[in-house]
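1. Below: sequence and its predicted model.
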Amino acid sequence: MRNKNKRHRKPGLSPGELTGFDHTNESEDADIYLIQFNDTEIKECKVSSVEEMVVPSSDDRKVYWYNIDGVNNPNQLAAIEKKYNLHPLLMEDIASAEQRPKLDDYDTSLFLTVKMIRIDAATATIYSEQVSFVVFKNLILSFQEKNKEGDVFNPNRERLRQNKGKMRRMGVDYLLYSLLDTIVDHYFEIMEYVGDKLEVIEQEMLTNPEPEKLKELYKFRRELIYLRKSVWPLREVIVKLERDECSMITDEVKPFLRDVYDHTIQVIETVESTRDILSGIVDVYLSSVSNRMNSVMKVLTVISTIFMPLAFITGLYGMNFDNMPELHNQNGYYVVIAVCVGIAVGMLVYFQRKKWL
Amino acid sequence: MRNKNKRHRKPGLSPGELTGFDHTNESEDADIYLIQFNDTEIKECKVSSVEEMVVPSSDDRKVYWYNIDGVNNPNQLAAIEKKYNLHPLLMEDIASAEQRPKLDDYDTSLFLTVKMIRIDAATATIYSEQVSFVVFKNLILSFQEKNKEGDVFNPNRERLRQNKGKMRRMGVDYLLYSLLDTIVDHYFEIMEYVGDKLEVIEQEMLTNPEPEKLKELYKFRRELIYLRKSVWPLREVIVKLERDECSMITDEVKPFLRDVYDHTIQVIETVESTRDILSGIVDVYLSSVSNRMNSVMKVLTVISTIFMPLAFITGLYGMNFDNMPELHNQNGYYVVIAVCVGIAVGMLVYFQRKKWL
Amino acid sequence: MRNKNKRHRKPGLSPGELTGFDHTNESEDADIYLIQFNDTEIKECKVSSVEEMVVPSSDDRKVYWYNIDGVNNPNQLAAIEKKYNLHPLLMEDIASAEQRPKLDDYDTSLFLTVKMIRIDAATATIYSEQVSFVVFKNLILSFQEKNKEGDVFNPNRERLRQNKGKMRRMGVDYLLYSLLDTIVDHYFEIMEYVGDKLEVIEQEMLTNPEPEKLKELYKFRRELIYLRKSVWPLREVIVKLERDECSMITDEVKPFLRDVYDHTIQVIETVESTRDILSGIVDVYLSSVSNRMNSVMKVLTVISTIFMPLAFITGLYGMNFDNMPELHNQNGYYVVIAVCVGIAVGMLVYFQRKKWL
Amino acid sequence: MRNKNKRHRKPGLSPGELTGFDHTNESEDADIYLIQFNDTEIKECKVSSVEEMVVPSSDDRKVYWYNIDGVNNPNQLAAIEKKYNLHPLLMEDIASAEQRPKLDDYDTSLFLTVKMIRIDAATATIYSEQVSFVVFKNLILSFQEKNKEGDVFNPNRERLRQNKGKMRRMGVDYLLYSLLDTIVDHYFEIMEYVGDKLEVIEQEMLTNPEPEKLKELYKFRRELIYLRKSVWPLREVIVKLERDECSMITDEVKPFLRDVYDHTIQVIETVESTRDILSGIVDVYLSSVSNRMNSVMKVLTVISTIFMPLAFITGLYGMNFDNMPELHNQNGYYVVIAVCVGIAVGMLVYFQRKKWL
Amino acid sequence: MRNKNKRHRKPGLSPGELTGFDHTNESEDADIYLIQFNDTEIKECKVSSVEEMVVPSSDDRKVYWYNIDGVNNPNQLAAIEKKYNLHPLLMEDIASAEQRPKLDDYDTSLFLTVKMIRIDAATATIYSEQVSFVVFKNLILSFQEKNKEGDVFNPNRERLRQNKGKMRRMGVDYLLYSLLDTIVDHYFEIMEYVGDKLEVIEQEMLTNPEPEKLKELYKFRRELIYLRKSVWPLREVIVKLERDECSMITDEVKPFLRDVYDHTIQVIETVESTRDILSGIVDVYLSSVSNRMNSVMKVLTVISTIFMPLAFITGLYGMNFDNMPELHNQNGYYVVIAVCVGIAVGMLVYFQRKKWL
């Protein structure tokens, strides 16, 4: 549930200083992949180094999309920063894996960081990956963490190639929307995951409450807290994009962004109502623990209440007094047994009436 | 409590792509029913296919109301989308059964999705159906899920036919209000359902608290969470409609919408205060469990406290020491019995004073 | 704590259709009482039917106040609606006993619905009555439920008659304020009721906690929830009146409305802090239940711990082995008794040290 | 913790009617004390009756400060109301001891009511006193409840006399600030009181949790609720003063008011975080109660588990069957004792391993 | 967790009166250190007294940064106040160690107080230090508490000397940002501290829940409350700085402040979600306590239920009746033993089935 990288900035460093990340494979270069397209043509190529990257002139009508896969090499990031004249803090945010989703609007460019939530197939737990976008008039730089599960944007590329939908006809803002939508579509998997897990936990806790299962519930609750923390600021980001705050987003794209916004709201509401339901399950669980204790106590009390008087009676006639007339009575023994049976039956009837049995 | 259909969009699909819903009876066509009316005349007909649907010219003074019953056939929906030149995302929202209630204002048209809450007569549980509206200047398209319980808008049709109220004299906005009002009127059934169920649960939990009943309470709480999740966004939708945000809604209709708004607020308040009351019931229940445990423990303690000393005394005189003078005392046995009775009575008085009995 | 009437609107009815209320005495006519006054003169009369009611011309400088006592007769209400050309929804709201307090501003008229909270002297519980006002330029219609406890507005009438205060000199807005103030003044009774009840419950729960009393606390909490639900929207109503939203309210009257507003805020704060205090009482109560359980368990444990070893010793010398030298010792019996006393005293000292006694 | 006076307005009274307060010493006149000053001179005198009070002309450059000590005499208050032409509701608010802190701006005058929180030295509990201010262009009327602990404004008087600080050079707004600051400075005592009490309760509850101490904690929590209720509206009052809403407050005084505002915020935050901490203490306390129960139960279980099998063995050989060969074994008795010791030791080792001892 | 100094203002003192702090080493002078720099040159010197401090003329293009280390000497502070013509309340805030973080904008100067959170290496607890800034057009005064852990701004000085980053090229606003950033960078240590501590507590509470550990959790929760109280108002301070409210902050510096803002938000979110997780841990812990109680009770009940009937049987045949035929049966004893074993085994099987063993 944790990100793999931690930011260890020494207090007092210059903003934007990128040295000192304790990434495990720091030297690893990112894979850079360019797609440039307009309505009629599309070109794709792998870019081997930052030097080869192009800064399109502002009157170029093509859309350039550089996808940078891997954010572990500070030198490379610094080179990109210099080439595109990015704000120094921006690269710091891209490289920091614990950055909160946010949107910064630098007049000529737009900077977005969002969290992509995925489910680790092996452990069936959720984890998040950071995806950052820098958007210029006709250029998008997208930054992802290197990931063995494959590039998340492959479907978008496919649609560009096949000229499906309106992606090729429209500008960077629609491309940005389309990439964000791909990320947010993963949230539906999450909502299904949350729904399924809730159902399992509910089923288990209501029918067969066990202390171990409360720990599972606790872990699920923790995942929900993590999920909310990741999705909540994304909502703000998209609100800002959609409202009239960003000159770069055209009116035509705004209904699409509103759709993405709806999806984030839905995730947040699902998380909130799931948490609400979980706290109800905990109530039921704790009460069932109390009830089981109650029933254990009842067994003990019934047993004690029946046998303690009987033990007294047998003890009584086990005394060794010289003068105990009953002992010499021919039927004494049978009377005692009868009395014992009577007491036992009487007690049982009494407890039956009290609904303890 | 769940919707029957789930949206399974593959991440990365074009927005508005409608293939791939796993509806069970996907091929099933919707029933399309047209009512066109103005102050003086009304015409009704069943429309057999999308091709027959009419796009009224903008200076047509009649109101056209197409009711589309069934949202499972993506081809049909796509045809409607094309005919009325709707936004691609709109059809996706109509077909997705888990869409959050929302209002989108596309200058020349208005799109609304709301949840209709109904009570399943068989299982006495609540469930929701999605109803969507696309509103043009003189045209309303209403989309419903196909439903065996009959079309919810029949009373509205009846009023149109009988020219009762002002429906015929007024425009699409009043028709929209009237349809929304029909939906929200169902909420009064829900409030009665909630009120009755609360009364039953309260009665049961306060007089005869049982662990099984806590589970019922839990299920009720879950229904309330579901209810709130359905109604809460509806409130926003109607606020947006009523405030000066939608050019299509005339001032004359706004007081009516405010009335609908009041009803949604009332549902929300009922849900909130019911939840509040339920948490009080849980407190009372848990304390009654503790109290019963307490009384069980008291019985056990009283019994033990009385009979343990007695058992000691009888044990004492059951010992086989040679030299135990009391054993040879003529009245020893009777003295022991008297002492035992004395101890028992003393204990009982003591516990009576301590209010344990 | 419930209202006596329920609204059973069939879904799909025209708005404002007033048939179908299941009022028990539906045919019962309302008592209509007119007071018309200006600075110099005052006239009062009972109005026998709606037909006799007057619609004052807009340049009439007198203030007309019709008080309609009873809202059960839909025909009468419909007649009033027609006479004063009221909005159809308005009568529906007046007749519905579960209407939420609200303010609707129809340019030439103002519509208010508020809840009057009263204490039922017999059962010492609170209940609410709905009072509605329609305010025109020189006319107020006030609607109340028929009530055996007498008309709540009698003191206002008395002041009008005696020309006490400035009521006669000022317009409808001051009369409206004065009527609202009368209603809100009842809230001070409620606050006293709440304060007194809290004190009783606190006293009982802290000194002598009993499960039955928790149920009382629960009922009190429920009353508070009901109270808040009634008063909270009233606050909004008065805010709207006082802020510059209603042209009908003159600046001179606004400080008075602010006073009424303060009183509603005070009720709300009292309710909130009382609820807060109650939840603290529940904590103390639950902990006292646990503590009593603890002390019961301690008694049981002390008794068992003392007598079980003793029982073992007596049992030991009650065995029938041939070769048990102690049995033949002259002082064996006395030694055993001494040992038993020693064990008992030792245990008691031990538990005393452990603070169990 | 309660105020000493209660407002018993009969519903329906004219606003501002001052008869009917059930003050115990209603006839008691207030002490009126005048200080009039400007930069160069200061005059002080005790005013024996309202008739002697002066209404300064609006071009008088002196500042007049009338301090009215005691608000129990309605006639006197009515006289003041008449003399200074105050709003009728204002006097009602001054006399009502349960008035919520508030600010009313009547163009030519400003009305403030605040709560002064003090600690009763005798009982070490907090209580509140109401202080009201009416501020005109060059006149302040301050109203206090009569108080044996001495007049709270003495330090302010002293500073005026000694011409310390800038009080003499500045106008009524600075004087008002200075009086408010005196009141809010008392809040630091309260914060210290709260901090100290929290420390004591924390110490007691964590080291030696007792049910009686939970009641203390409950009382403390109640005081905090009372405190918050008194301070929270004060915050609003000062915000209104400081923001550009009151023409009477000059820009030069606003930074000082912001300082007072900061102090109220600090009290509120202290109250909130203290409540938060207290709820953590309750958790720890309740868990410690459970743990003690647990340890009591363990003692009982250990004792029972050891001695019940032993009692069975001794019972076995106390039976009187003719044919019990072990009884005649020379070492039978010793074997039984050895077995008993073995069982006891075994059990103890077992419980030791289970960490029950 | 407490600040070391307390403010003991006597109520009624003049605002800004600085006498009377109960600082332990009040006479101790602050260390004043000046750095003055522009793009091309930098001068540093230790200033021995306030008299030597310079008030730069408003057209001086250098930036002057006076760092005042120690706020315990009121005379010195008063001298600074006089020299720079500061608002009297300002010095009071600087000297008061319990001042809430705040920003005051006095047109020509800006006043900031923030909390620096640090971890005490020795006790591994967090504590806060107050840092205040007064910012003029080309002058910053920074005030810190004297601290053995070394001056926190050393890295900033180093960067100025080495002309690293853009600090030397830019004005006071960037210097202010850089100092704030240094403070906020310490928050990452705090977040790591919080994350690590949460992990330890979670580990301990879930695997081996002990009452002592709940106290640790409680102390951690208290630290979080303290942390939130320190960081929350800082957020407001930076929002005010970054929004267009302060003329002194140039647009170029605002993105940097937004970065600082993001960090404060991240701390707040971490605190909130940690608290959320902790409350889940408490639930798990309390349930595990109940479960252990349950298992103790089960052992007791199993033991009692097995041995009480056996004790009855042995007691029965220990009675001394003359006529007890079984006693004379040759196999009686063996039958009894067989019955006892049977009962014991039967009970064990029964409890096994009930899953109590």
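-> Sure, I can see it.
2. Count residues in the vicinity of the one residue in the stretch 201-350 of chain A that gets nearest to chain E, would you?
-> Of all residues in the stretch 201-350 of chain A, A:Thr314 sits closest to chain E, with a separation of 3.2 Å (C-beta to the nearest C-beta). No exception for glycine: its C-beta is placed from N, CA and C like everyone else's. Counted with other C-beta atoms under 10 Å in any protein chain shown, the burial measure for A:Thr314 works out to 24 neighbours.
3. can I assume it sits in a helix?
-> Yes: under DSSP: H, G, I helix; E, B strand; the rest coil, A:Thr314 falls within a helix.
4. Nearest the middle, which residue of chain A would you pick?
-> In chain A, the C-alpha closest to the average C-alpha coordinate belongs to A:Leu227, at a distance of 3.5 Å (C-alpha atoms, centre = their mean).
5. distance of that one from chain D?
-> Counting by C-beta to the nearest C-beta, to the nearest Å, the gap from A:Leu227 to chain D is 25 Å.
6. ok, now which ones touch that residue?
-> Contacts of A:Leu227 were listed using C-beta atoms under 8 Å, 6 or more residues apart in numbering or on different chains, and they are A:Ile117, A:Ile126, A:Ile190, A:Val194, A:Val267, A:Val271.
7. host element of it?
-> In this assignment (DSSP states H and E), A:Leu227 forms part of helix A:211-242.
8. before we move on, the earlier item: could you tell me how many residues sit around the residue nearest to the residue of the stretch 201-350 of chain A closest to chain E when sequence neighbours are not counted?
-> Nearest in space to A:Thr314, with sequence neighbours left out and distances taken as C-beta to C-beta, 6 or more residues apart in numbering or on different chains, is E:Gly315 at 3.2 Å. Counted with other C-beta under 10 Å, the neighbours of E:Gly315 add up to 30.
9. thought E:Gly315 was touching A:Gly318?
-> Yes: with contacts defined as C-beta atoms under 8 Å, E:Gly315 counts as touching A:Gly318 at a distance of 6.4 Å.
10. Let me see the mean pLDDT of the helix holding A:Leu227.
-> Helix A:211-242 shows a mean pLDDT of 88 in the predicted model.
11. same check, this time on stretch A:337-351
-> The model assigns stretch A:337-351 a mean pLDDT of 93.
12. contacting residues around A:Gln130?
-> With contacts taken as C-beta under 8 Å, 6+ apart, A:Gln130 has the following neighbours: A:Asn3, A:Val71, A:Ile94, A:Ala97, A:Gln99, A:Thr113, A:Val114, A:Lys115, A:Met116, A:Gln144, A:Glu145.
13. A:Glu98 versus that one, what's the distance?
-> 8 Å (C-beta to C-beta, to the nearest Å).
14. re the thing from before, for the residue of the stretch 201-350 of chain A closest to chain E, give me the pLDDT.
-> According to the prediction, A:Thr314 has pLDDT 91.
15. what does A:Pro309 give?
-> Per-residue confidence (pLDDT) for A:Pro309: 92.
16. tell me the SS of it?
-> Here A:Pro309 is helix, with the state taken from three-state DSSP.
17. number of nearby residues for it?
-> When counting by other C-beta under 10 Å, one arrives at 21 neighbours for A:Pro309.
18. Kindly report the same for A:Asn72.
-> Applying other C-beta under 10 Å, I find that A:Asn72 has 20 neighbouring residues.
19. I'd guessed A:Leu257 sits against A:Leu241; true?
-> Yes: counting by C-beta under 8 Å, A:Leu257 touches A:Leu241, with 5.5 Å between them.
20. Those two - which one has more neighbours?
-> For A:Leu257 versus A:Leu241, neighbours defined as other C-beta under 10 Å are more numerous around A:Leu241 (26 against 21).
21. Tell me the predicted confidence for A:Arg157.
-> Taken from the predicted model, the pLDDT recorded for A:Arg157 is 89.
22. so it sits right up against A:Ile35, yeah?
-> Yes: under the criterion of C-beta under 8 Å, A:Arg157 is in contact with A:Ile35, at a separation of 6.5 Å.
23. Mutual contacts of these two, please.
-> With the criterion set as C-beta under 8 Å, 6+ apart, the overlap between the contacts of A:Arg157 and A:Ile35 is A:Glu44.
24. Which residue of these two possesses the greater neighbour count?
-> A:Ile35 (20 against 17).
25. In this structure that one contacts A:Val47, no?
-> No: in this structure, A:Ile35 sits apart from A:Val47 without contact. The criterion is C-beta under 8 Å, and the distance is 10.8 Å.
26. one step back: which ones among the contacts of A:Gln130 are found in strands?
-> A:Thr113, A:Val114, A:Lys115, A:Met116, A:Gln144 (DSSP state E).
27. Make a markdown table from those residues and add distance to chain D to it.
-> Output for the ones in strands among the contacts of A:Gln130, formatted as a markdown table (distance: C-beta to the nearest C-beta, whole Å):
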| residue | distance to chain D |
| --- | --- |
| A:Thr113 | 32 |
| A:Val114 | 33 |
| A:Lys115 | 29 |
| A:Met116 | 35 |
| A:Gln144 | 40 |
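28. Can you go through these and name the buried ones?
-> The neighbour-count test (16 or more other C-beta atoms under 10 Å in any protein chain shown) marks A:Thr113, A:Val114, A:Lys115, A:Met116, A:Gln144 as buried among these.
29. now the ones in strands among the contacts of A:Gln130 as TSV including pLDDT and distance to A:Ser247?
-> Output for the ones in strands among the contacts of A:Gln130, formatted as TSV (pLDDT from 0 to 100; distance: C-beta to C-beta, whole Å):
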residue	pLDDT	distance to A:Ser247
A:Thr113	91	20
A:Val114	91	20
A:Lys115	89	26
A:Met116	87	26
A:Gln144	89	26
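30. Flag every buried residue along stretch A:342-353.
-> Using 16+ other C-beta under 10 Å as the burial criterion, the residues of stretch A:342-353 that qualify are A:Ile343, A:Ala344, A:Met347, A:Phe351.
31. per-residue pLDDT, A:Pro325?
-> A:Pro325 is assigned a pLDDT of 88 by the prediction.
32. Pull up the gap between it and B:Gln330, please.
-> Going from A:Pro325 to B:Gln330 by C-beta to C-beta gives 11 Å.
33. what's near enough to touch A:Arg161?
-> Under the criterion of C-beta under 8 Å, 6+ apart, the contact list for A:Arg161 reads A:Ile42, A:Glu44.
34. and the angle from the helix or strand hosting A:Ser132 to helix A:211-242?
-> In this assignment (DSSP H and E), A:Ser132 forms part of strand A:125-135. In this structure, strand A:125-135 runs at an angle of 10 degrees to helix A:211-242, with axes from the mean of the first three to the mean of the last three C-alpha atoms, to 10 degrees as the basis.
35. Sweet, I'm off.
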